[in-house]
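*Asks:* requesting a structural model of the entry that follows:
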Amino acid sequence: MVKGLSPAEHKAMLLSVGPRRGIRPLSPVEVGSLFKKAEDAGASLQELAEGVHLDGTSMVSRFLRLLELNPEIQHIIDWGESGSTIAFSAASELSRLDVEEQARACNAVLEDQLTSGEVKQLVQLRLRSKRPLEECIASVIRMRPLVERRHLLIGAVVAKDVQARLATMAQVDRDHLLRGVLSDVLAPLSDYSARLGGERFTISGSEAVAKRLASGPTDFENMVTQALAAKLKSMPST
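*Replies:* Predicted structure coming up:
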């Protein structure tokens, strides 16, 4: 057991941390939050590492650093890249930027589909050269033999009661909920991915998806919020 964590929380961490196949029950940020909970209860970094079978404390520190990221982008962090998510390794690099630049860099990562290696290159260029972030992004993209760009929509969940309900849900459950909403809105299109946080959502898609979103209701945020509220109403409260 890990100090400060319930048996269910400890099990979820064990199933999420380290090389695995299949679905991990927790996102990297959720793992970081549980590490912080245990640390606040008095567990040392070494005890945390041993509790989830990690060699050394460096990985634990990387998870904890995710909590220092701009709250606006924390829900986008995942174990790998999916079009609407940023990989754990890339997010760790972004944490070296200041909070305001993290959000701008995050948009570039999703719109231009930067790899983890390119994110590392971007952060190093920004910190070493002191050039404006946008210039560094352009420099990294110019090094590519082929540029692929995605369309990005970032919206807010505009109802406080929906925000409160989403805050109690795991990332995997929020994403499943959003996919259900978007499958109705964007059908039959499928060339997109999406991520739902407690207060905002992110959609990354093709040109066709962008045109559909642009041709839809002017108040897209309100429409998504209402659809989320309707689906949540049909679900049992936890």
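*Asks:* who's in contact with residue 2?
*Replies:* Contacts for residue 2 (CB atoms under 8 Å, 6 or more residues apart in numbering) come out as 10, 13, 38, 43, 47-48, 51-52. Every residue, glycine included, has its C-beta placed from N, CA and C.
*Asks:* so how far is the lengthiest helix in the chain off the chain centroid?
*Replies:* In the chain, taking DSSP state H as the definition, the longest helix is helix 171-186. Chain-centre distance of helix 171-186: 15 Å, with CA atoms, centre = their mean, to the nearest Å.
*Asks:* equivalent analysis for stretch 143-158, please.
*Replies:* How far stretch 143-158 lies from its chain's middle: 14 Å, per CA atoms, centre = their mean.
*Asks:* who touches that stretch?
*Replies:* 83, 107, 110-113, 141, 163, 166, 196-207, 209-210, 213, 220-222, 224-225, 228.
*Asks:* related to what we said a few turns ago, looking at the contacts of residue 2, which are in helices?
*Replies:* 10, 13, 38, 47-48, 51.
*Asks:* and the contacts of residue 2, which two are the farthest apart?
*Replies:* The span of the contacts of residue 2, defined through CB to CB, is set by 13 and 47 at 12.9 Å.
*Asks:* quick one: low-confidence parts of this structure?
*Replies:* 19-22, 146-148, 216-218, 237-238 (pLDDT under 70).
*Asks:* quick one, helices of it?
*Replies:* Under DSSP H, the chain gives helices at 7-16, 28-40, 45-51, 58-65, 88-94, 99-111, 116-129, 133-142, 160-167, 171-186, 207-215, 220-233.
*Asks:* got CSV for those, with mean neighbour count too?
*Replies:* Output for those, formatted as CSV (neighbours: other CB atoms under 10 Å):
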stretch, mean neighbour count
helix 7-16, 16
helix 28-40, 21
helix 45-51, 18
helix 58-65, 18
helix 88-94, 22
helix 99-111, 19
helix 116-129, 17
helix 133-142, 16
helix 160-167, 15
helix 171-186, 17
helix 207-215, 14
helix 220-233, 16
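*Asks:* in contact with the residue nearest in space to the middle of the chain: list those residues for me.
*Replies:* The chain has residue 76 as the residue nearest its centroid, 1.5 Å off, counting by CA atoms, centre = their mean. Residue 76 is in contact with 84-86, 106, 110, 195, 197, 202, counting by CB under 8 Å, 6+ apart.
*Asks:* mind doing that once more with 7 Å?
*Replies:* Counting by CB atoms under 7 Å, 6 or more residues apart in numbering, residue 76 touches 84-86, 106, 195, 202.
*Asks:* now those residues in CSV, please, with extra columns for distance to residue 182.
*Replies:* Formatted as CSV, the contacts of residue 76 follow (distance: CB to CB, whole Å):
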residue, distance to residue 182
84, 11
85, 15
86, 19
106, 20
195, 11
202, 11
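*Asks:* filter these to the buried ones?
*Replies:* Buried by 16 or more other CB atoms under 10 Å: 84-86, 106, 195, 202, out of these.
*Asks:* ok so, going back, which elements pack onto the longest helix of the chain?
*Replies:* Contact partners of helix 171-186 among helices and strands, from 3 or more CB pairs under 7 Å, 6 or more residues apart in numbering; DSSP states H and E: strand 192-196, helix 220-233.
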